[in-house]
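**Student:** need a structure here:
(one chain, ligands or ions: 1)
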Amino acid sequence: MTGLVLKDIRKSYGNVHVLHGIDLDIQEGEFIVFVGPSGCGKSTLLRMIAGLESITSGDMLIAGQKVNEVPPSRRGIAMVFQSYALYPHMTVFDNMAFGMRIAGESKQEIDRRVRAAAASLQLTQYLERLPKALSGGQRQRVAIGRAICRNPKVFLFDEPLSNLDAALRVATRIEIAKLSDSMPETTMIYVTHDQVEAMTLADRIVVLSAGRVEQVGAPLELYEHPANLFVAKFIGSPAMNIIPATVTGTGATTTVTLTGGKTVMLDIATAASEQGKTASFGVRPEDLRIATDENYLFEGEVSIVEALGEVTQLYIEGLVDGEPIIVKIPGIADVKRGQKMRFAADRQKLHLFDADGHTYRKQ
Ligand SMILES: Nc1ncnc2c1ncn2[C@@H]1O[C@H](COP(=O)(O)OP(=O)(O)OP(=O)(O)O)[C@@H](O)[C@H]1O
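**Tutor:** Numbering: from 1, shown residues only. Okay, here's the model as predicted:
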């Protein structure tokens, strides 16, 4: 088993504490994605797994072996960087062969592995070219090919697609998904800012904030059942709408009164002690719809209409200070700026967080 275990991993640079105790248990063959706001420590954690950064305290185990002091080249890990990091004076073939030559592999084995990796990444016709004669997407595929040739147990990706344009990002993302399917025993850990990459590639997403793990789970689990307000707002785009509320009824179902006076019932059980407490009510833009009867959640004036073709995004002012509520209507909606409208959502799609930002558990 080449799983990866992180036990209370901490990182400090002098007095600057960057990671505050990370515990993770990653299974062999899993595709794990790290997400989180800029500066939360994603790259630092990835570089510690690679062995490029020292571990201040805690234990890291690969395949059951403690690797805290094991140098990068002996961890069975290959890393793909945002910047490709190819040798400019070497051909594609030589770039891909480099690690194997250093490791003393035979000429035949090097040739076999480079050609197999090149074929799987559609690079065969470029093997004799220098990197400067390739597009950004092709260069990144060479960097991935070079990593494949090393036959790693763990594959690390640090925002590998962020230098590519939109179309190439999609194509290369699909390549990476295929690569992961074709290497079922290889564990992959991937850092990204991109929601779509995280949602589509990950078996499990690790949401980090300020050097701590906020939640670990399958993409749709995080989307449907965020553990707290941070994850609720971070996963999903546009972000979940949050409306300040007060708990006005407890028991098997909970009643809250939203800013603006509307009372809403949720299928969430709360203890009597929650009565009167402040809370945050959450509903995703895509879970809102134009109300057709008196059964609505809130009312407001449309300040912006964004017609994107596949969806129409409405910005509704007047409910939360300084922040519009966003509503995502499928297709083309006949809505004008300045229109006053009412919106509703299914009860199962409503979220509620306590004053500390923790989710009240659904029934
Ligand atoms: N050598 C260093 N000395 C001091 N602080 C550092 C050093 N390297 C990183 N940091 C700090 O550690 C924190 C985490 O950085 P890291 O690059 O891991 O974040 P990140 O989540 O990958 O950010 P981004 O998404 O912007 O790439 C940041 O606040 C950064 O300033």
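**Student:** Gly99 and Arg74, how far apart?
**Tutor:** 13 Å (CB to CB, to the nearest Å). From N, CA and C alone the C-beta is placed, and that goes for glycine too.
**Student:** Then Gln348?
**Tutor:** Counting by CB to CB, the separation of Gln348 from Arg74 is 51 Å.
**Student:** Mean confidence (pLDDT) on stretch 78-91, please.
**Tutor:** Here stretch 78-91 scores 87 as its mean pLDDT.
**Student:** Mind checking if that stretch is in reach of the ligand?
**Tutor:** No: judged by CB under 6 Å from any ligand atom, stretch 78-91 makes no contact with the ligand; its nearest approach is 9.0 Å.
**Student:** how long is that stretch from one end to the other?
**Tutor:** With CA to CA, to the nearest Å as the measure, stretch 78-91 spans 20 Å from end to end.
**Student:** domain assignment for this structure?
**Tutor:** The chain breaks down into these domains under automatic domain parsing: 4-234, 243-353.
**Student:** got the residue ranges for the helices in the stretch 1-150 of the chain?
**Tutor:** With DSSP state H, counting those that start in this stretch, the ranges of helices along the stretch 1-150 of the chain come out as 42-50, 92-102, 107-120, 136-149.
**Student:** Figure out which of the ones you listed is closest to Met240.
**Tutor:** Ranking the helices of the stretch 1-150 of the chain by proximity to Met240 (CB to CB) places helix 42-50 first, at 21.6 Å.
**Student:** Now do the closest one: distance to the chain's middle.
**Tutor:** 15 Å (CA atoms, centre = their mean, to the nearest Å).
**Student:** end to end, how far does stretch 199-214 reach?
**Tutor:** From its first residue to its last, stretch 199-214 covers 17 Å (CA to CA).
**Student:** Report the mean per-residue pLDDT for it.
**Tutor:** Per-residue scores along stretch 199-214 average to 97.
**Student:** got it, and stretch 36-50?
**Tutor:** In the prediction, stretch 36-50 has an average pLDDT of 95.
**Student:** can you check stretch 94-110 too?
**Tutor:** 90.
**Student:** Buried by neighbour count: which residues of the longest helix belonging to the chain qualify?
**Tutor:** Criterion DSSP state H: the longest helix present in the chain is helix 166-182. Across helix 166-182, burial judged by 16 or more other CB atoms under 10 Å covers 168-169, 172-173, 175-176, 179-180.
**Student:** what about the nearest residue to Gln348 once chain neighbours are set aside, how many neighbours?
**Tutor:** The shortest distance from Gln348 to any non-neighbouring residue, by CB to CB, 6 or more residues apart in numbering, is to Asp267 (6.5 Å). Asp267 has 13 neighbours, counted by other CB atoms under 10 Å.
**Student:** ditto for Lys66
**Tutor:** Neighbour count for Lys66, taken as other CB under 10 Å: 12.
**Student:** same check, this time on Thr56
**Tutor:** 14.
**Student:** what sits against it?
**Tutor:** Thr56 makes contact with 10-12, 19 under the criterion CB atoms under 8 Å, 6 or more residues apart in numbering.
**Student:** Relative to Pro330, which of those residues is nearest.
**Tutor:** Leu19 (40.9 Å).
**Student:** Was I right to think the closest one contacts Leu45?
**Tutor:** Yes: at 6.2 Å, Leu19 counts as touching Leu45 under the criterion of CB atoms under 8 Å.
**Student:** any shared contact partners between those two?
**Tutor:** 9, 11.
**Student:** quick revisit: mind giving me the packing neighbours of the longest helix of the chain?
**Tutor:** Here helix 166-182 touches helix 136-149, helix 195-201, going by 3 or more CB pairs under 8 Å, 6 or more residues apart in numbering; DSSP states H and E.
**Student:** Any part of the last one near the ligand?
**Tutor:** Spelled out, that is helix 195-201. No: using CB under 6 Å from any ligand atom, we find that helix 195-201 stays clear of the ligand, coming within 12.7 Å at best.
**Student:** With the ligand as the reference, measure out to the residue nearest to Val320 when sequence neighbours are not counted.
**Tutor:** Counting by CB to CB, 6+ apart, Val320 lies nearest to Ile243, which is 5.8 Å off, once chain neighbours are set aside. Note on Ile243: its distance to the ligand, by CB to the nearest ligand atom, to the nearest Å, is 29 Å.
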